[in-house]
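In: quick check, what structure comes out for this input:
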Amino acid sequence: MSGRVRIRLLDTRPLHGSPAFRDLWIGTSVSQLGGQIANVAVLAQVWELTGSPVGTGVIGLATGLPMVLFGLLGGTLADIADRRTVVWATTAGQLLAAAGLCVQALVDNRSVPLLLALVAIRTSCGALGAPARRTFPVRLLPGDQVAAGLALTSVSFQTAMLTGPALAGVIIARWELPAAYATQAVATAVAMLAVIRLPAMRPEGADAAGGRRRAERGGWRVVLRRPTLWGSMATDLSATLLAMPIALFPLVNEIRFGGDPRTLGLFLSAVAVGGITAGLLSGTVTRWRRSGLVQISAAGVWGLGLAGFGLAGPLWLALGCLAVAGAADTVSVVTRSALVQLETPDAYRGRVSSVEHVIGVAGPELGNFRGGLLASATSAPVSLVVGGLSAVLAIAAVSAANAPLRAYRTPPAAGGGVGE
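Out: Residues are numbered from 1 along each chain as shown. This is a model prediction of the structure:
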């Protein structure tokens, strides 16, 4: 980087300049809040039924596998059909699954497989629509505002992570699990209405028949042939598959802090506080053109932060480590997402986005499962420290093997800023 680094606040130009993006952002923000509330409800319900870290880890398996199976199919759909229609239909499926979760809680379901099956259905629908949804910002915004738009989405997600668990705790304590799942259903309906308001968005540069013929040749082939793409995704996979802490939160809370549910909520909120802080200052990094190097560095800090969480004794130190990890995660996600969208031709964005989605979402879920298994064989602190340090080593290996990613610079028309 050259010159002085200037601290810049969140870039809100996408909200002012694109009404369509603003509608999408509002709907997505509401949906993310509902999703966080439901995630806490699922975690609480599975822990109540099993009392086992393996049980909570299986939640990651129930969500991670559908991400892989249906995420890739969703990429093909996004490149042969109107992407708005794909997202609308899959969001309707998520709404039905949310209603199912509400019903099973109302009848006091005691079957973990049934609960996880409904979670898997909800995840499958989301995975089918996610690749198409990921292409929206680059189609709705000028090139130099794509990273800013992704930063805004990240801030809303982190805000949902911060407020969602606390709100879920209040809802569950006062009205119990059915109300938490019902809240998610309402939020999903709001998101569906926002998508309906968007303009039609068919893939550019290819017709549907051509998209079908290339279905088996796109996605992974494009990623593997571009070092910047596979390097960016390998960096993210290293960080999430090897160092994901969520499934371990109940066990850490139990052995170190007496199982206080308020502390469990603080763990989730601390990650969000770090993410929000990084998001509010994201104007600093969204204008840096060395986005490959930024992602590598941020992913390494994520691993170190979680290893520190595993070693931390006092609550304030544990929360501080999680906040650092949350900030690093936000920076890594924003830079990776912008790099992937800007480096991929629109005719292939659906399939490449499906690969990114599988890695970016299934990786953490499978990482939670890995962490739960290792903790059951050793302990939660050992699982966290080993995972965090392993992630740092894997990220360093990817960086050493991928010079194009280390040297990558966002094109000037898209980067638009200082800090080269």
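In: got a pLDDT number for Leu237?
Out: pLDDT recorded at Leu237 is 91.
In: also Ala208?
Out: Predicted confidence (pLDDT) for Ala208: 46.
In: then Thr163?
Out: pLDDT, Thr163: 83.
In: quick check: chain neighbours aside, which residue is closest to it?
Out: Take Thr163 and drop its neighbours on the chain: the residue closest to it by Cβ to Cβ, 6 or more residues apart in numbering is Leu33, 6.8 Å away. Where you see a C-beta, it was placed from the backbone N, CA and C, and this is true even at glycine.
In: which SSE is immediately downstream of the helix or strand containing Asp236?
Out: If you go by DSSP states H and E, Asp236 is part of helix 227-242. For helix 227-242, the succeeding helix or strand toward the C-terminus, using DSSP H and E, is helix 249-257.
In: mind listing what's buried in that next one?
Out: The neighbour-count check on helix 249-257 (16 or more other Cβ atoms under 10 Å) flags 249-254, 256 as buried.
In: if we look at that helix, which residues are touching it?
Out: Counting by Cβ atoms under 8 Å, 6 or more residues apart in numbering, helix 249-257 makes contact with 43, 47, 53, 56, 259-260, 263-264, 267-268, 313, 315, 318, 375, 379-381, 384, all of which sit outside it.
In: could you pull out the helices for the stretch 51-200 of the chain?
Out: Defined through DSSP state H, counting those that start in this stretch, the helices belonging to the stretch 51-200 of the chain, from first to last, are 53-78, 83-106, 112-134, 136-140, 146-175, 177-196.
In: to Gly303, which of those lies closest?
Out: Taking Cβ to Cβ, helix 53-78 is the member of those nearest to Gly303, at 18.1 Å.
In: quick check: mean pLDDT of the longest helix seen in the chain?
Out: Identified as the longest helix of the chain according to DSSP state H is helix 19-50. Regarding helix 19-50, the rounded mean pLDDT is 91.
In: for the residue nearest to Gly308 when sequence neighbours are not counted, grab phi and psi.
Out: Spatially, and ignoring its direct neighbours in sequence, Gly308 is nearest to Cys321 (3.9 Å; Cβ to Cβ, 6+ apart). Taking degrees, to the nearest 10, you get phi -60, psi -40 for the backbone angles of Cys321.
In: so how far is the helix holding Asp236 off the chain centroid?
Out: Mean-position distance between helix 227-242 and its chain equals 14 Å (Cα atoms, centre = their mean, to the nearest Å).
In: repeat that for stretch 169-186.
Out: If you compare the mean C-alpha spot of stretch 169-186 with that of the full chain, they lie 23 Å apart, counting by Cα atoms, centre = their mean.
In: can you check stretch 260-272 too?
Out: The gap between the average C-alpha position of stretch 260-272 and the chain average comes to 18 Å, counting by Cα atoms, centre = their mean.
In: how many other residues sit next to Ile26?
Out: Counted with other Cβ atoms under 10 Å, the burial measure for Ile26 works out to 17 neighbours.
In: pLDDT weak spots in this protein?
Out: Low-confidence segments of the chain, defined by pLDDT under 70, span residues 1-9, 205-219, 261, 282-289, 411-420.
In: mind telling me which residue is nearest the centre of it?
Out: In the chain, the C-alpha nearest the mean C-alpha coordinate belongs to Val361, at 5.4 Å (Cα atoms, centre = their mean).
In: so how far is Pro227 from that one?
Out: Plainly put, Val361 is 23 Å away from Pro227 if you go by Cβ to Cβ, to the nearest Å.
In: Ser156 too?
Out: Plainly put, Ser156 is 32 Å away from Pro227 if you go by Cβ to Cβ.
In: over to Gly313?
Out: If you measure Gly313 against Pro227 using Cβ to Cβ, the figure is 42 Å.
In: do the same with Trp25
Out: 32 Å.
In: higher neighbour count, these two?
Out: Trp25 (22 against 18).
In: number of residues surrounding Leu393?
Out: Burial of Leu393 is recorded as 12 neighbouring residues (other Cβ under 10 Å).
In: again, but for the one 10 residues further on
Out: Using other Cβ under 10 Å, the number of residues around Ala403 comes to 12.
In: next, the contact list for it, please.
Out: By Cβ under 8 Å, 6+ apart, Ala403 lies in contact with Pro227.
In: with Ser390 instead?
Out: Contacts for Ser390 were tallied using Cβ under 8 Å, 6+ apart; they are 242-243, 303.
In: with Pro165 instead?
Out: By Cβ under 8 Å, 6+ apart, Pro165 lies in contact with 36, 40, 264-265, 268-269.
In: doesn't Ala299 make contact with Ile395?
Out: Yes - with contact taken as Cβ atoms under 8 Å, Ile395 and Ala299 are classed as touching, separated by 5.0 Å.
In: who's more crowded, the two?
Out: In terms of neighbours (other Cβ under 10 Å), Ala299 is the more surrounded of Ile395 and Ala299; the figures are 31 against 28.
In: ok, now how distant is that one from Leu72?
Out: Counting by Cβ to Cβ, the gap from Ala299 to Leu72 is 23 Å.
In: give the other helices and strands that the helix holding Asp236 contacts.
Out: In this structure, helix 227-242 makes packing contacts with helix 220-225, helix 291-311, helix 315-343, helix 346-357, helix 363-377, helix 380-401, helix 403-407, judged by 3 or more Cβ pairs under 8 Å, 6 or more residues apart in numbering; DSSP states H and E.
In: tell me the buried residues in the fourth one?
Out: In this case it means helix 346-357. Judged by neighbour count using 16+ other Cβ under 10 Å, the buried positions of helix 346-357 are 346-357.
In: distance between that helix and the chain's centre?
Out: Relative to where its chain is centred, helix 346-357 has its mean C-alpha point 16 Å off (Cα atoms, centre = their mean).
In: also stretch 258-276?
Out: On the basis of Cα atoms, centre = their mean, stretch 258-276 sits 17 Å off its chain's mean C-alpha point.
In: what number of residues lie near the nearest residue to the residue nearest to the centre of the chain once chain neighbours are set aside?
Out: Beyond its immediate neighbours in the sequence, the residue positioned closest to Val361 (Cβ to Cβ, 6+ apart) is Met67, lying 5.1 Å away. Using other Cβ under 10 Å, Met67 has 27 neighbouring residues.
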